[in-house]
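**Q** model the structure of this input:
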Amino acid sequence: MSRTTPMRLVELLVLKDDISKVISYLGKNACFEFQNSNGDSEKKDVNSENKEYELYKALDQARSYLGLIQLDDEEIKYDLPSDADISKAEEIVSKVNELQTKEAEKGEEVMASVKYFADCNASAIYELLKKLSIASQIKNVECKLEDTKYVYRMTGWVQESESQNIIDDLDKLTDKRIAVRTFTPEEVKSVTSGNEKVPAEIRHGKLISSFKRMVFSYGSPVYGMIDPTPFVALFFTFLFGLMFGDAGQGLVFLVLGILMATKVIKFGGWNKFAPIFMAIGCTSMIMGILTGEFFANETLLVPVARFLTGLFGEPRDHILHLMPSSDPHSILTMFKFFGFSVAVGFIINSTGLILNFINNLRNKKFGKAFFGKNGLAGVLFFWYVIAFALRLAFLKQTPQMYDWIVIGVTLFFAAFGEPFERLCDGERPVFENGFGAALIGGIVELIEVVSGYMSNTVSFLRVGAFGLAHAVLGYIISSMSALAPWWGEILILIFGNAIVVVLEGMIVAIQVIRLQYYEFFSKFFNETGREFKPFAFTSVPDIK
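**A** Model (predicted):
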């Protein structure tokens, strides 16, 4: 299991003649997060020294006057403005000021000249704004750095895998007129003292990375913990498919994801989630083939189901028929599906508990690893109770004395684990607020452990409920269309499926995220870290 991306702190000593080139490189490559000690200081009056920003503001006001749309706040990789660019920007600002003066004197007579000037200079204005934005951001960073008469000093976090390439590039960029030192997090005093958190970053391929924002929306992982993103990707796509099984509607998600990935259609910032749409489209199609649903129709896929089931025995119209009917076997199938949903929930909950145990061991938090609701004691209690219940239900065994002993001991250390955590971690006093407070807290925690694990498991019944509800909605759409004339049938199928794809798709996605956050993340996300946010140029500078 991979952990968050290893990081290094890099210290750079840069000659003043090279500082603009170095900051430009860092901003274009978005690979360097300034350490708080030098990236966010306000030791100078930035605006008073940032003439590039003043020119940017003047040009942006000219853009607004000419009726040109504002630039989006996105990452850009333009070059620094040349002297000719500066002169051109000043010339445009001066010309616009003249037009504003003439408009105040002659009114609408000047409007034709304004429109002509805007049409002729629009592309130049946008290009100059981006270049001036970069120049102003470089100046903004430069004004905040520690410096001597000849040298600037900057420190920041970079990914370990990229650190050597960055150093080599900077050496080449400055003709080796740069001094570089790198430090592991364990060598940084502010980190070891607890005053600074190492930024956390996770790196994967396009499919797994598209789920990154789902993780960071809940909270940034702590640096060094196991990366939960692959588990989130797997569980999200699998649960969505279980709850939204329709081969036709899944195909809509798949095609939508492909169109978004190829930029044929654009939905603002949603295009980066194209792999998620493709993934849930595939799982929905697989579940649709199993249930025999294709755009709410249960007959079109019957030949496919009969072929597949015929390979393993007697051919059937449906591989998995969720829609209840008068057939007693359909009710049994439905309850089996609910049982399967709970089993999936057990696996997801257990995965979260295992991640919590491993994370605590790696961070040498042995007390939390072995005791408490989410520690090893809680894990053993949870697993043993599930195994105990299955033995009673399916093997017809009777409870034994050792069963009650194991359940009692594991429950005790799960509920009354706090003093043992402090004892194991060498914290004193063992009873932080006295024995009485520990006893009362343990009793409350006892109720929380039992009710918590029960609710965490039962909560996954909603997966089966939504899967059944989807089948019922498909049956309703199909039944309504069968009662209408041919043109009405087409309209009902189109609008019915559209409503299901949009509204139910949204509801199912929310429910899957809820299961991830409250049942999975809550097991191991005991504290939040700090997300790695490297310095990058944007078209709209945020100068502070």
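**Q** just say helix, strand or coil for A179.
**A** When states are read from DSSP: H, G, I helix; E, B strand; the rest coil, the local structure at A179 comes out as strand.
**Q** check contacts around it.
**A** With contacts defined as CB atoms under 8 Å, 6 or more residues apart in numbering, A179 is in contact with L12, L13. To be clear about C-beta, it is placed using only N, CA and C from the backbone, and glycine gets the same treatment.
**Q** residue ranges with poor pLDDT in the protein?
**A** Counting by pLDDT under 70, the chain contains low-confidence ranges at 1, 37-49, 73-75, 105-110, 326, 544.
**Q** measure the residue most central in space within it to V232 for me?
**A** By CA atoms, centre = their mean, the chain has its centre lying nearest to R213, at 1.5 Å. For R213, the distance to V232 (CB to CB, to the nearest Å) stands at 10 Å.
**Q** T283 now?
**A** The gap separating T283 from V232 is 14 Å, by CB to CB.
**Q** I125 now?
**A** Using CB to CB, we find I125 at a distance of 43 Å from V232.
**Q** circling back: the residue nearest to the centre of the chain and I286, how far apart?
**A** Spatial separation of R213 from I286 under the definition CB to CB is 25 Å.
**Q** check contacts around L12.
**A** When the contact criterion is CB under 8 Å, 6+ apart, the partners of L12 are V22, R153, M154, T155, L170, I178, A179, V180.
**Q** the helix or strand harbouring it pairs with which strands?
**A** When elements are defined using DSSP states H and E, L12 is found to belong to strand 7-15. Looking at strand 7-15 with DSSP bridges, its paired strands and their directions are strand 151-159 (antiparallel), strand 178-183 (antiparallel).
**Q** which one of the ones you listed is the most hemmed in?
**A** The highest mean neighbour count among the strands paired with strand 7-15 belongs to strand 151-159 (a mean of 21), with neighbours defined as mean count of other CB atoms under 10 Å.
**Q** list of residues touching that strand?
**A** Defining contact as CB under 8 Å, 6+ apart, one finds that strand 151-159 is touched by 5-16, 19, 26, 31-35, 37-39, 142, 145-147, 166, 198-199, 201, 203, 532, 534-535.
**Q** let me see the contact set for S20.
**A** Each residue near S20 by CB under 8 Å, 6+ apart is listed here: L80, I138, E142.
**Q** so how do I select the buried members of those in PyMOL?
**A** In PyMOL, the members of the contacts of S20 classed as buried (16 or more other CB atoms under 10 Å) are selected with the following command:
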select buried, resi 138+142
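**Q** between the contacts of S20, which is closest to I513?
**A** Ranking the contacts of S20 by separation from I513, with CB to CB as the measure, puts I138 on top at 39.4 Å.
**Q** any idea how far S284 is from that closest one?
**A** Per CB to CB, I138 is found 48 Å from S284.
**Q** show me the helices in the stretch 101-250 of the chain, by range?
**A** Ranges of helices within the stretch 101-250 of the chain are 111-144, 160-173, 189-192, 206-209, 212-218, 229-243, 247-261, based on DSSP state H, counting those that start in this stretch.
**Q** buried ones in the last one, by neighbour count?
**A** If I follow you right, that is helix 247-261. In terms of neighbour count (16+ other CB under 10 Å), helix 247-261 has its buried residues at 247-254, 256-257, 259-261.
**Q** now tabulate those residues in a markdown table and tack on distance to A274.
**A** What follows is these, written out as a markdown table (distance: CB to CB, whole Å):
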| residue | distance to A274 |
| --- | --- |
| A247 | 20 |
| G248 | 20 |
| Q249 | 17 |
| G250 | 15 |
| L251 | 15 |
| V252 | 14 |
| F253 | 10 |
| L254 | 10 |
| L256 | 8 |
| G257 | 5 |
| L259 | 8 |
| M260 | 4 |
| A261 | 4 |
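**Q** state the helix or strand in which G67 lies.
**A** Going by DSSP H and E, G67 is not in any helix or strand.
**Q** how about it: what's its closest non-neighbour residue?
**A** Taking CB to CB, 6 or more residues apart in numbering, and ignoring the residues beside it in sequence, G67 has A118 as its nearest neighbour in space, at 6.1 Å.
**Q** and the one you found, how far is that from K95?
**A** A118 sits 11 Å away from K95, going by CB to CB.
**Q** with only the CA atoms kept, save stretch 350-362 in PDB.
**A** Extracted in PDB, the C-alpha atoms of stretch 350-362 (Å, rounded to 0.1, in the frame of the first residue of the first chain):
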ATOM      1  CA  SER A 350     -12.700  -3.400   7.800                       C
ATOM      2  CA  THR A 351     -10.400  -1.800   5.200                       C
ATOM      3  CA  GLY A 352     -10.700   1.600   7.000                       C
ATOM      4  CA  LEU A 353      -9.900  -0.100  10.400                       C
ATOM      5  CA  ILE A 354      -6.900  -1.800   8.900                       C
ATOM      6  CA  LEU A 355      -5.600   1.400   7.400                       C
ATOM      7  CA  ASN A 356      -6.000   3.100  10.800                       C
ATOM      8  CA  PHE A 357      -4.000   0.300  12.500                       C
ATOM      9  CA  ILE A 358      -1.200   0.500   9.900                       C
ATOM     10  CA  ASN A 359      -1.000   4.300  10.000                       C
ATOM     11  CA  ASN A 360      -0.800   4.400  13.800                       C
ATOM     12  CA  LEU A 361       1.900   1.700  13.800                       C
ATOM     13  CA  ARG A 362       4.000   3.600  11.200                       C
END
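**Q** report the buried residues of it.
**A** Of the residues in stretch 350-362, those scored as buried under the neighbour-count criterion (16+ other CB under 10 Å) are T351, G352, L353, I354, L355, N356, F357, I358, N359, N360.
**Q** from those, which ones fall inside helices?
**A** T351, G352, L353, I354, L355, N356, F357, I358, N359, N360 (DSSP state H).
**Q** dump the residue contacts of N363.
**A** For N363, counting by CB under 8 Å, 6+ apart, the contacting residues are V222, G224, M225.
**Q** can you pick the most crowded of these?
**A** When neighbours are taken as other CB atoms under 10 Å, the top entry among the contacts of N363 is M225 (22 neighbours).
**Q** tell me, how many residues neighbour the nearest residue to F371 once chain neighbours are set aside?
**A** Ranked by CB to CB, 6+ apart and with sequence neighbours excluded, the top spatial neighbour of F371 is G417, at 3.3 Å. G417 sits with 25 neighbouring residues when counted by other CB under 10 Å.
**Q** what distance do you get for G417 to A509?
**A** From G417 to A509 the distance is 36 Å (CB to CB).
**Q** got the buried residues for stretch 444-452?
**A** When neighbours are counted by 16+ other CB under 10 Å, the buried residues of stretch 444-452 are found to be E445, L446, V449, G452.
**Q** I492 versus the last one, what's the distance?
**A** With the distance defined as CB to CB, G452 ends up 45 Å from I492.
**Q** try T155
**A** Spatial separation of T155 from I492 under the definition CB to CB is 64 Å.
**Q** thought T182 was touching M7?
**A** No: in this structure, T182 sits apart from M7 without contact. The criterion is CB atoms under 8 Å, and the distance is 10.4 Å.
**Q** show me the protein divided up by domain.
**A** What automatic domain parsing lists as the domains of the chain is 7-192, 206-524.
**Q** for P541, which of those is the nearest?
**A** domain 7-192 (4.8 Å).
**Q** what's the end-to-end length of that closest one?
**A** Terminal residues of domain 7-192 lie 15 Å apart, using CA to CA, to the nearest Å.
**Q** from the middle of its chain, how far away would it be?
**A** 28 Å (CA atoms, centre = their mean, to the nearest Å).
**Q** understood, closing this out.
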